[in-house]
Structure formats: structure tokens, C-alpha cells
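# everything below, folded, please.
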Amino acid sequence: METGEKINRGLKALEEKVLDRNLCTACGACLSLCPYLRSWKGRVVKLDDCNLEEGRCFAYCPRTEVDLDEIYQTVFGKNYEEIDVGPARKIMMARAKNPIWRKKAQTGGVVSSLVDFALREKIIRAGILTPRDGDLLPYGQIIRGRKGILSAAGSSYVSGPTLEALNRGAWKGQERIGIVGLPCQVLALARMKTSKLEKKTPIDQVNLVIGLFCTWALDYKPFMAFLQDRVDGRSIKKLNITPPPERIFEVLAGNKLYRISVDGIRPFIRPSCRVCLDMTAELSDLSIGTVEGKEGWNTVIVRTAMGENLLKRAKRAGVIETRPLSKNNLNHLKEASLLKKRRVLDALNEKGGIEKAYFTLSPQLIKRILSESGESLT
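Numbering: from 1, shown residues only. Predicted coordinates for the structure are as follows:
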């Protein structure tokens, strides 16, 4: 490279480093910002070339170069160093008290009940959730009441452009916004906040981020073709994965329950998930997942003062109930999170070296991950 030559950090670089390499997470952070990008059937597609040398599409993407220490310093005031499940003030199990959430939502209904409570108490004025259309294609939607929350309850295990709703929203004044997202979406939000580019989204109005545990997400188009064939075209009502050791993908379609081996859907995991270090949405205020072996309960990781305050208020108001998370469950959660990180390091090493990753990790941190996961690179 000649001295003084500028490095492209716009759409051209996004195309070369992310889109062409099939590493897009379909998070939606780049959509409704640029006229040249659109979402189509679970993928981000480029409509035309763009000559900008630096753009928000590249700066916000969770799969372009990211300094994890810088991001974690901004959110938590310390470097990326707590490698098991990320920064945590408290870890517990919880469930919604209102049966409407436990019946409609996934597992214990904690995410839906907390968003509902935050809206009613005016902690936030709007939420951004991910409902699905008739055939499970996820999309981001601005919601302001219980009806919208119920429409988004449950999981499709398919990634969708949730954050596009933040970019395209007709926001009024200084509305406080809450967002529920996957780890890649939570990272994109943190990148929005730390970006030095002029902000044309209301990212500074986002004061509540609830992250969802995620091991992987599925690529919509091929997965749906597979699923429709398996359920004979019936309308899909709900999806669920049973806990180990069984690990069965359950599909309620029409009035019939179909059971598919999780191994049968692994071919549809997005390639971008295989390079994701984060299982527990570490950059959120609250991270929420399933308690293994405890039907109807969620694991909740409290990470920030905002998250802690919301949880305390919801518990005091009788919206949720909590219990201590057992040592065995906590240890298993940490092991699973570390295993995800270790698999990423192994995969990168096999493809030419960790130094080519989009994220920056010190050699010392890499050694810690390998040591504490009980594995080594091969």
C-alpha cells in the first residue's frame, strides 16, 4: 500500500469483508441508513455501489474490525477480561408471575414481562422487538403496548434485521427506547454508541438493552424450505428445543407436534454464528436465557445498574419471582459459554490464524480461554 492511501471503511469494505464472505448476521444495523442496502428473505443485499470511504454501515456492523477492550470500556468501564459469561453483578433464575407470559412467551416469560413492566412504568416509552410474519421471517418492530409484546413472544431460531426498526423509526423528541436482541445485535448497538461518525439514529435514546442467550441462529431461506417440507406445509405456531441430553427441535404446526433432531437443522446455522464469541449477550443490561433442567425458568444475568434497578422494581411489583441459580447450573452455563469461544478460536486457527479475526484478542486472553475451557488449539 502506498503511503497516504486511505483504507476504505464504507460499503465497499463491508461487501469485501462481510457480505462476500457470508459473515453477515442480518442484525439490521446497516439498514435504513444507506439507500444501497436492503433486507431480502433473511439476508442483506447490495443494490448498487457506493463510493463513500467511511460509512455507518461498516462502522456499526458486528462483523467488521472491533476492539473489544474499547467497547467494554465504554459499556462497563473495564477491558474485555471476564471471559466466562461476561461482566455480571448477579446471576439468578426467574420467571414471570402472570401466566399470560409463561404460556405465550419462551420458557419463563421474563423478557416479555420485563418489557411490559418497563413500558407501563414509563422506564421506556417504546420497545423494539422481533415478531415474525406468517412463515417465521423475523423483522424489527417498534411496540408501545402489550399487544405488540404478545405478537413478538416466542422464538423462531432465525436471525432477523431487528435493528432496522431503530434506524427507520419516526421517533418523537427524546423517547427512551428499550431493545431486545441477540448477541450480534447487542454488539452492533454498542458499536453505534461508540462510533465517532455523525449519528443519524436515536442510539443515545436507547437506555435499556435486554440480550438473549444464543448459541446460533438459522439462515431463513434454506431452513424454511427444509421445515415446510417436514411439516407438510402446515402453519407453524411454535418452535422449541428440548434440553440435553435429548436435544430435539420441536415444531408445533397445525395441531401436530413434529420432533426433529437438532443435528438435522445444524446445516442451516449461519456461517457468521461460527465466528461469534458471545453466547450470553455480554454487552446488554440484562441477559436472559433458559435454565437447563428447570422447565419454565429463565437464567438472568444482571450486568448494569439499569438492569439491576429494573429487575428490583419488577420483583417488588410482583411481576417476576426469582430464585438462586444452583452452582451446577451456573458452572454449566460458564462451561457452555467458554466452549463457544473456544470453538471460534479453533475454527479461526484452522482457516489461517486468529490474527485474521474481526475482533482483537491479546495472546494472554487467548491462553486463558483455552486453559479455562480445558482445550487447546489443534
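
# where does residue 250 land on pLDDT?
According to the prediction, residue 250 has pLDDT 93.

# was I right about it contacting residue 241?
Yes. Here residue 250 reaches residue 241: they are 7.2 Å apart, a contact under C-beta atoms under 8 Å. C-beta coordinates here come from the backbone N, C-alpha and C atoms, glycine included.

# looking at those two, which is more packed in?
Between residue 250 and residue 241, residue 241 has the larger neighbour count (other C-beta atoms under 10 Å), namely 17 against 13.

# helix/strand/coil for the spatially closest residue to that one that is not a sequence neighbour?
Spatial nearest neighbour of residue 241, chain neighbours left out: residue 249 (5.6 Å); criterion: C-beta to C-beta, 6 or more residues apart in numbering. Secondary structure, DSSP: H, G, I helix; E, B strand; the rest coil: residue 249 is strand.

# which stretches in the stretch 101-250 of the chain count as strands?
Remark: strands assigned in the stretch 101-250 of the chain by DSSP state E, counting those that start in this stretch are 126-129, 141-143, 177-181, 206-212, 236-241, 248-253.

# so what touches the shortest one?
With C-beta atoms under 8 Å, 6 or more residues apart in numbering as the contact definition, strand 141-143 has outside contacts at 115, 126-131, 148-149, 151-152, 165, 169.

# now do the stretch of helix or strand residue 366 belongs to: which elements does it pack against?
In the assignment (DSSP states H and E), residue 366 maps to helix 363-372. If you count contacts as 3 or more C-beta pairs under 8 Å, 6 or more residues apart in numbering; DSSP states H and E, helix 363-372 packs onto helix 327-350.

# mind exporting the C-alpha coordinates of the helix it packs on to CSV?
Output in CSV follows, covering the C-alpha atoms of helix 327-350 (Å, rounded to 0.1, in the frame of the first residue of the first chain):
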residue,chain,number,x,y,z
LYS,A,327,-23.9,-23.9,41.4
ASN,A,328,-24.2,-26.8,38.9
ASN,A,329,-26.4,-24.7,36.6
LEU,A,330,-24.0,-21.8,36.9
ASN,A,331,-21.0,-23.9,36.2
HIS,A,332,-22.7,-25.5,33.2
LEU,A,333,-23.6,-22.0,31.8
LYS,A,334,-19.9,-20.9,32.1
GLU,A,335,-18.7,-24.0,30.5
ALA,A,336,-21.1,-23.7,27.6
SER,A,337,-20.1,-20.0,27.1
LEU,A,338,-16.4,-20.8,27.2
LEU,A,339,-16.9,-23.7,24.8
LYS,A,340,-18.4,-21.4,22.2
LYS,A,341,-15.4,-19.1,22.5
ARG,A,342,-13.0,-22.0,22.2
ARG,A,343,-14.8,-23.3,19.1
VAL,A,344,-14.5,-19.9,17.4
LEU,A,345,-10.7,-19.8,18.1
ASP,A,346,-10.3,-23.4,16.8
ALA,A,347,-12.3,-22.5,13.6
LEU,A,348,-10.2,-19.4,13.0
ASN,A,349,-7.0,-21.2,13.6
GLU,A,350,-8.0,-23.8,11.0
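
# list the buried residues of that helix.
For helix 327-350, burial by neighbour count (16 or more other C-beta atoms under 10 Å) applies to 329-330, 333-334, 336-346, 348-349.

# got the contact list for stretch 293-302?
With contact meaning C-beta under 8 Å, 6+ apart, stretch 293-302 is reached by 85-86, 88-95, 102, 107-111, 213, 243, 280, 286-291, 308, 311, 322-323, 325, 329, 333.
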